[in-house]
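In: whatever this is, show me its structure:
(one chain, ligands or ions: 1)
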Amino acid sequence: MTTNKRPSIVYWLGNNLYLNITNQCPNKCYFCLRNFKSGVGGFNLKLEKEPTVNEVLAELQEVINRKNWREIVFCGFGEPLARLDCVLEVSSWIKKNYGKIVTLRINTNGQGFLLNKGRDVLNELKNVGIDKLSISLNASDKETYAEICRPSFENAFESILEFIEKAKEIFDVEVTAVTLPEVNLQKIGETAEKMGVKFRIREYIPCFW
Ligand code: SF4
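Out: Next up is the predicted model:
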């Protein structure tokens, strides 16, 4: 869908509220929706600049009381953990003010360690009340990952596996993959099973699962 609307930091689909806090991402997935569209559901997700925490909270406060949102999800036209501090501050505010009624999830490409070297990423997320991580794996081996996701980090695939292994000890974790010709969903499912995490197949609508 193409739209001329002003960019949205906060948008919604069904009963979920989504936070589009960045357009940065260390990958260049060939299937990324942002290569083809300006947004989803009538919202424009192409940010003109990276929003400040206050700008995220201002937009959030306009809509957070509109209904009983099932989940608030960090998920947009970029990788949320590229802005870890923003995720932490916004999550703290949500948990402080709405923590009893809303679940917080991050949809991530799993490269949080590479993006935040020297930080205790998972525990920092746990400490602000993140409940769930949905980690996009999309490949069962490094070569396929490089081919379809075109990561800027050389060891991205290995780091994602490490991220999943450590995250599952702390969070409700699911691994996801999109239905693409290059992707062996069965093998990824087996990888997830071996790691002891849930696996979810997404239709080819990247970034929105
Ligand atoms: S699909 Fe996700 S991980 Fe891939 S380039 Fe787009 S935002 Fe980044």
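In: check contacts around residue 158.
Out: Going by Cβ atoms under 8 Å, 6 or more residues apart in numbering, residue 158 touches residue 142. From N, CA and C alone the C-beta is placed, and that goes for glycine too.
In: what do you get for residue 121?
Out: Residue 121 touches 81, 84, 112-113, counting by Cβ under 8 Å, 6+ apart.
In: give me phi/psi at the closest residue to residue 90 other than its chain neighbours?
Out: Residue nearest to residue 90 in three dimensions, not counting chain neighbours: residue 56, with 5.3 Å by Cβ to Cβ, 6 or more residues apart in numbering. Dihedral pair for residue 56: phi -60, psi -50, per degrees, to the nearest 10.
In: same check on residue 203?
Out: phi -60, psi 160.
In: helices along this structure, start to end?
Out: For the chain, the helices defined by DSSP state H cover 53-63, 84-98, 112-115, 121-127, 142-149, 156-167, 185-195.
In: need the winner for burial among those helices.
Out: Most buried of the helices of the chain, by mean neighbour count (mean count of other Cβ atoms under 10 Å): helix 112-115, with a mean of 22.
In: now for it, which elements pack on it?
Out: helix 121-127, helix 156-167 (3 or more Cβ pairs under 8 Å, 6 or more residues apart in numbering; DSSP states H and E).
In: of the ones you listed, which approaches the ligand most closely?
Out: helix 156-167 (9.9 Å; Cβ to the nearest ligand atom).
In: and the closest one, how far out from the chain's middle?
Out: Distance, stretch centre to chain centre, for helix 156-167: 15 Å (Cα atoms, centre = their mean, to the nearest Å).
In: same check, this time on stretch 105-116
Out: So, by Cα atoms, centre = their mean, the centroid of stretch 105-116 is 7 Å from its chain's centroid.
In: now what about that stretch, what contacts it?
Out: The list of residues contacting stretch 105-116 from outside it, by Cβ under 8 Å, 6+ apart, reads 25-27, 71-75, 79-82, 84, 87, 121-122, 125, 130-137, 149, 151, 153, 155-156, 159-160, 162-164, 207, 209.
In: touching, residue 152 and residue 26? I think so.
Out: Yes: counting by Cβ atoms under 8 Å, residue 152 touches residue 26, with 4.6 Å between them.
In: picking up where we left off before, will you turn the helices and strands packed on helix 112-115 into a markdown table that also has distance to the ligand?
Out: Converted to a markdown table, the helices and strands packed on helix 112-115 look like this (distance: least, Cβ to the nearest ligand atom, whole Å):
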| stretch | distance to the ligand |
| --- | --- |
| helix 121-127 | 17 |
| helix 156-167 | 10 |
